[in-house]
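S.K.: 3D, please:
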Amino acid sequence: MLRPAHIGHLAMLRSLIRDGARDGSFQPELAWDSAASDRFFGELRQALKTGYFVVEDRESGTMQTVAVPGYVYWADETAGSEPPVGFGLFRASPGGGYELWLAGLEDAVRGRGHGRAMLNALFATPIGQQTKFMRVRRSGQYAAAVAKLLADHGFTATRETKNETWFVRALTVTPRWSSGTPHLTS
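M.R.: Purely as a prediction, here's the structure:
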(Lines give C-alpha, C1' and ligand atoms only; values in the text may rest on other atoms or scores of the structure.)
Protein backbone atom coordinates (compact mmCIF):
# COMPACT_ATOMS: atom_id res chain seq x y z
CA MET A 1 0.00 0.00 0.00
CA LEU A 2 1.26 3.48 -0.90
CA ARG A 3 0.59 6.86 0.62
CA PRO A 4 2.10 10.23 -0.32
CA ALA A 5 5.42 10.91 1.38
CA HIS A 6 5.65 13.98 3.64
CA ILE A 7 8.02 15.65 6.09
CA GLY A 8 6.93 13.25 8.86
CA HIS A 9 8.64 10.43 6.92
CA LEU A 10 12.05 12.12 6.84
CA ALA A 11 13.56 10.06 9.69
CA MET A 12 12.53 6.78 8.04
CA LEU A 13 13.88 7.87 4.64
CA ARG A 14 17.13 9.06 6.23
CA SER A 15 17.56 5.69 7.96
CA LEU A 16 16.90 3.68 4.77
CA ILE A 17 19.14 5.92 2.68
CA ARG A 18 21.99 5.68 5.20
CA ASP A 19 21.63 1.87 5.32
CA GLY A 20 21.57 1.78 1.53
CA ALA A 21 24.67 3.97 1.32
CA ARG A 22 26.50 1.53 3.59
CA ASP A 23 25.65 -1.40 1.26
CA GLY A 24 26.59 0.56 -1.90
CA SER A 25 23.11 1.37 -3.19
CA PHE A 26 23.45 5.13 -2.62
CA GLN A 27 26.41 7.50 -2.66
CA PRO A 28 28.82 6.42 0.10
CA GLU A 29 29.04 9.90 1.66
CA LEU A 30 25.35 9.62 2.65
CA ALA A 31 26.16 6.85 5.15
CA TRP A 32 27.53 9.25 7.78
CA ASP A 33 27.40 12.89 8.85
CA SER A 34 29.30 15.07 6.41
CA ALA A 35 28.85 18.34 4.56
CA ALA A 36 27.56 16.37 1.54
CA SER A 37 25.02 14.40 3.59
CA ASP A 38 23.91 17.54 5.45
CA ARG A 39 23.27 19.26 2.10
CA PHE A 40 21.52 16.19 0.63
CA PHE A 41 19.23 15.64 3.63
CA GLY A 42 18.48 19.37 3.78
CA GLU A 43 17.32 19.23 0.16
CA LEU A 44 15.36 16.05 0.88
CA ARG A 45 13.70 17.76 3.84
CA GLN A 46 12.72 20.68 1.60
CA ALA A 47 11.34 18.28 -1.03
CA LEU A 48 9.24 16.38 1.53
CA LYS A 49 8.00 19.61 3.07
CA THR A 50 7.02 21.40 -0.15
CA GLY A 51 7.09 18.80 -2.93
CA TYR A 52 9.91 20.70 -4.66
CA PHE A 53 13.55 21.54 -4.41
CA VAL A 54 15.58 24.24 -6.06
CA VAL A 55 18.59 23.31 -8.20
CA GLU A 56 21.07 25.27 -10.25
CA ASP A 57 21.09 24.54 -13.99
CA ARG A 58 24.67 23.52 -14.79
CA GLU A 59 24.69 25.11 -18.22
CA SER A 60 22.93 28.43 -17.58
CA GLY A 61 23.58 28.89 -13.87
CA THR A 62 19.93 29.80 -13.30
CA MET A 63 17.96 28.41 -10.39
CA GLN A 64 15.11 26.04 -11.23
CA THR A 65 12.31 24.54 -9.17
CA VAL A 66 12.00 20.77 -9.63
CA ALA A 67 8.95 18.75 -8.57
CA VAL A 68 9.78 15.84 -6.26
CA PRO A 69 6.63 13.81 -5.56
CA GLY A 70 6.97 10.62 -3.59
CA TYR A 71 5.32 7.78 -1.76
CA VAL A 72 5.92 5.58 1.24
CA TYR A 73 5.15 1.87 1.13
CA TRP A 74 3.63 -0.57 3.61
CA ALA A 75 4.16 -4.28 3.06
CA ASP A 76 0.57 -5.02 4.09
CA GLU A 77 -2.59 -3.22 5.14
CA THR A 78 -1.11 -1.82 8.37
CA ALA A 79 -0.81 1.69 6.89
CA GLY A 80 -1.29 4.16 9.69
CA SER A 81 -0.83 1.73 12.57
CA GLU A 82 2.73 0.66 11.70
CA PRO A 83 5.54 2.69 10.11
CA PRO A 84 6.14 2.30 6.37
CA VAL A 85 8.89 -0.09 5.26
CA GLY A 86 9.86 1.49 1.94
CA PHE A 87 9.67 4.58 -0.23
CA GLY A 88 9.99 5.88 -3.76
CA LEU A 89 10.69 9.49 -4.72
CA PHE A 90 10.35 10.78 -8.25
CA ARG A 91 12.05 13.82 -9.74
CA ALA A 92 10.66 15.77 -12.69
CA SER A 93 12.92 15.61 -15.76
CA PRO A 94 13.70 18.77 -17.73
CA GLY A 95 12.53 17.16 -20.99
CA GLY A 96 9.26 15.93 -19.49
CA GLY A 97 8.33 12.85 -17.53
CA TYR A 98 9.97 11.71 -14.33
CA GLU A 99 12.95 9.82 -12.99
CA LEU A 100 12.51 7.35 -10.16
CA TRP A 101 15.15 9.24 -8.20
CA LEU A 102 15.36 7.35 -4.91
CA ALA A 103 13.80 4.15 -3.68
CA GLY A 104 14.51 2.03 -0.65
CA LEU A 105 13.15 -0.92 1.28
CA GLU A 106 13.93 -2.16 4.80
CA ASP A 107 16.23 -5.17 4.89
CA ALA A 108 13.77 -7.05 7.14
CA VAL A 109 11.20 -7.33 4.31
CA ARG A 110 13.58 -8.04 1.43
CA GLY A 111 13.49 -11.38 -0.34
CA ARG A 112 9.74 -11.81 0.12
CA GLY A 113 8.46 -10.07 -3.02
CA HIS A 114 8.10 -6.62 -1.47
CA GLY A 115 10.59 -4.95 -3.83
CA ARG A 116 8.52 -6.14 -6.78
CA ALA A 117 5.26 -5.16 -5.07
CA MET A 118 6.57 -1.70 -4.19
CA LEU A 119 7.85 -1.02 -7.72
CA ASN A 120 4.56 -2.30 -9.18
CA ALA A 121 2.65 0.10 -6.94
CA LEU A 122 5.00 3.03 -7.67
CA PHE A 123 4.85 2.54 -11.45
CA ALA A 124 1.04 2.18 -11.30
CA THR A 125 0.66 5.76 -10.00
CA PRO A 126 0.05 8.55 -12.53
CA ILE A 127 3.59 9.84 -11.89
CA GLY A 128 5.01 6.34 -12.13
CA GLN A 129 3.35 5.88 -15.50
CA GLN A 130 5.19 9.00 -16.71
CA THR A 131 8.54 7.77 -15.41
CA LYS A 132 11.14 7.43 -18.15
CA PHE A 133 14.47 7.16 -16.30
CA MET A 134 16.19 5.49 -13.40
CA ARG A 135 19.79 5.21 -12.30
CA VAL A 136 21.06 2.25 -10.28
CA ARG A 137 24.37 2.23 -8.40
CA ARG A 138 26.34 -0.70 -9.78
CA SER A 139 28.01 -1.37 -6.43
CA GLY A 140 24.68 -1.92 -4.69
CA GLN A 141 24.02 -5.33 -3.23
CA TYR A 142 20.64 -5.49 -5.02
CA ALA A 143 21.65 -3.90 -8.36
CA ALA A 144 21.06 -7.08 -10.39
CA ALA A 145 17.67 -7.71 -8.77
CA VAL A 146 16.59 -4.11 -9.40
CA ALA A 147 17.68 -4.38 -13.06
CA LYS A 148 15.42 -7.43 -13.49
CA LEU A 149 12.49 -5.66 -11.85
CA LEU A 150 12.99 -2.59 -14.06
CA ALA A 151 13.00 -4.80 -17.18
CA ASP A 152 9.54 -6.01 -16.14
CA HIS A 153 8.41 -2.37 -16.41
CA GLY A 154 9.91 -1.76 -19.85
CA PHE A 155 13.21 -0.22 -18.74
CA THR A 156 16.41 -0.98 -20.63
CA ALA A 157 19.98 -0.36 -19.51
CA THR A 158 21.28 2.30 -21.89
CA ARG A 159 24.46 3.73 -20.37
CA GLU A 160 27.16 2.73 -17.93
CA THR A 161 29.17 5.24 -15.95
CA LYS A 162 31.84 4.58 -13.35
CA ASN A 163 29.23 4.17 -10.60
CA GLU A 164 25.81 3.82 -12.23
CA THR A 165 23.76 2.08 -14.86
CA TRP A 166 21.19 4.35 -16.51
CA PHE A 167 17.85 2.80 -17.43
CA VAL A 168 15.35 4.29 -19.88
CA ARG A 169 11.81 3.11 -20.38
CA ALA A 170 11.47 1.73 -23.88
CA LEU A 171 9.29 3.59 -26.35
CA THR A 172 6.32 1.78 -27.82
CA VAL A 173 4.14 2.62 -30.78
CA THR A 174 0.52 3.12 -29.79
CA PRO A 175 -2.35 2.61 -32.22
CA ARG A 176 -3.26 6.31 -32.19
CA TRP A 177 -3.06 7.72 -35.68
CA SER A 178 -3.19 11.33 -36.67
CA SER A 179 -2.37 12.76 -40.08
CA GLY A 180 -1.25 9.31 -41.14
CA THR A 181 1.71 9.12 -38.75
CA PRO A 182 2.05 7.02 -35.60
CA HIS A 183 2.69 8.68 -32.24
CA LEU A 184 5.48 7.39 -30.03
CA THR A 185 4.75 7.30 -26.35
CA SER A 186 6.52 5.91 -23.38
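
S.K.: give the contact list for R3.
M.R.: R3 makes contacts with Y71, V72, W74, A79, P84, as judged by Cβ atoms under 8 Å, 6 or more residues apart in numbering. Heads up, the C-betas are built off the backbone N, CA and C, glycines and all.

S.K.: so R39 sits in a helix?
M.R.: Yes: per DSSP: H, G, I helix; E, B strand; the rest coil, R39 lies within a helix segment.

S.K.: how many neighbours does it have?
M.R.: A count of nearby residues for R39, using other Cβ atoms under 10 Å, gives 11.

S.K.: need the contact list for L122.
M.R.: Counted by Cβ under 8 Å, 6+ apart, L122 has contacts L2, Y71, Y73, G88, L100, A103, G128.

S.K.: now the strands for the chain?
M.R.: 2-4, 52-56, 63-67, 70-73, 86-92, 98-105, 131-137, 155-160, 164-169, 172-178, 181-185 (DSSP state E).

S.K.: and the third one, which strands flank it?
M.R.: Same thing as strand 63-67. Within its sheet, and counting by DSSP bridges, strand 63-67 is paired with strand 52-56 (antiparallel).

S.K.: where in this protein is pLDDT low?
M.R.: Residue ranges of the chain with pLDDT under 70: 77-81, 171-186.

S.K.: which of the contacts of R3 count as buried?
M.R.: Buried by 16 or more other Cβ atoms under 10 Å: Y71, V72, W74, P84, out of the contacts of R3.
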